[in-house]
Structures are given as C-alpha cells and as structure tokens.
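K.L.:
only geometry, no sequence info:
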C-alpha cells in the first residue's frame, strides 16, 4: 500500500519543464489560430456556395441554411486539425531557428530529440482528438444536415448527385 502512495506522490511531483511549457504554449496558440482559419475558410468555400444555390433554386429558408451551415462546421474542423498541427510546428520551429533559440538550446546541451518531443506529443494528442472527432461527431452532424435539407431539396437532385458520384467511381476503377 505504501508503494502505491509513493508512486502517486512521485507522479504528482513530476512537473513539466519550462522548455516544454514554452514550446506547447507557442504551438497551441498558433494551432488554435490555424484551426479557426482553415475551418472557417473550408466552411465558407465548401458550404456557402452550395447553400446559396439551394436557397435560390430550391427556396431553402435562411434559418434552415444557417442550421445546415452549423452542422457542416465539424466536418471542416476535422479537416483543419492535421493541417493546423503541421503548419503550427513548421512555423514555430522555423521561428525558433530564425531567432537562434534552437542554437541556444543546443549550446546548453539539450538534445534535438528533447526539443521536438513536445511537438510530437502534441501531434499525437491532436491525432487522437481528430480520430474521435471523425468517429463520433462528424457523422452525426452530417446526418443531421442531410435530414434538415431533405424536405426542401428535390429528391431528383439528390439522386442525380448519387448517380454522378457512382458513375465517377466506376470510371476511376476502369
């Protein structure tokens, strides 16, 4: 019993080093900015034009279009997560190199692998979040968006889209 208590105390005493906190803070700030930027661009480019078409051609109400827009946001956030962690890592480590902070860390005897460890751990966490997001949230949101738009969009258009995608898949296989 005493061994368990000591191991728990040791885990609680284990603190994240100052370098790790600095790198994770820098990565997370730019990561969140990138996620917001890429997801808003994706939603705007991918959904707004389609909703504009459906509003004009199928008399889709604006309130329903806004609801569909909200349901499409998780899909584009899931697209933006891996791109954002890559861009954040490139920008932050590029800035560290440009400001000669990597040289300073190396001169203190800190190994290169020790410097990139926070980015790798952060990337693994983002990978897990992306997987959970894609498996739990995105399918339900897309399903709800399709349920909301189905009464307003002609079935013939939905069937035409399915036929076109089916034909494209057949042509790609051949």
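P.N.:
Received the coordinates, thanks. Bear in mind the structure is a predicted one, so any value in this text is a computation, not a measurement. Residues are numbered from 1 along each chain as shown.
K.L.:
And the helix or strand hosting residue 131, what does it pack against?
P.N.:
Element membership for residue 131, per DSSP states H and E: helix 112-132. Counting contacts by 3 or more Cβ pairs under 8 Å, 6 or more residues apart in numbering; DSSP states H and E, helix 112-132 packs against helix 18-43, helix 62-98, helix 101-107. Any C-beta I mention is one placed from the backbone N, CA and C, and that applies to glycine too.
K.L.:
right, and the helix or strand after that helix?
P.N.:
Helix 112-132 is succeeded, C-terminally, by helix 138-149 (DSSP H and E).
K.L.:
Just the angle for that next one relative to helix 112-132, thanks.
P.N.:
Taking axes from the mean of the first three to the mean of the last three Cα atoms, to 10 degrees, one finds helix 138-149 and helix 112-132 inclined to each other by 40 degrees.
K.L.:
Could you name the helices and strands sitting against helix 138-149?
P.N.:
Using 3+ Cβ pairs under 8 Å, 6+ apart: helix 138-149 touches helix 62-98.
K.L.:
what's the neighbour count on residue 23?
P.N.:
24 (other Cβ atoms under 10 Å).
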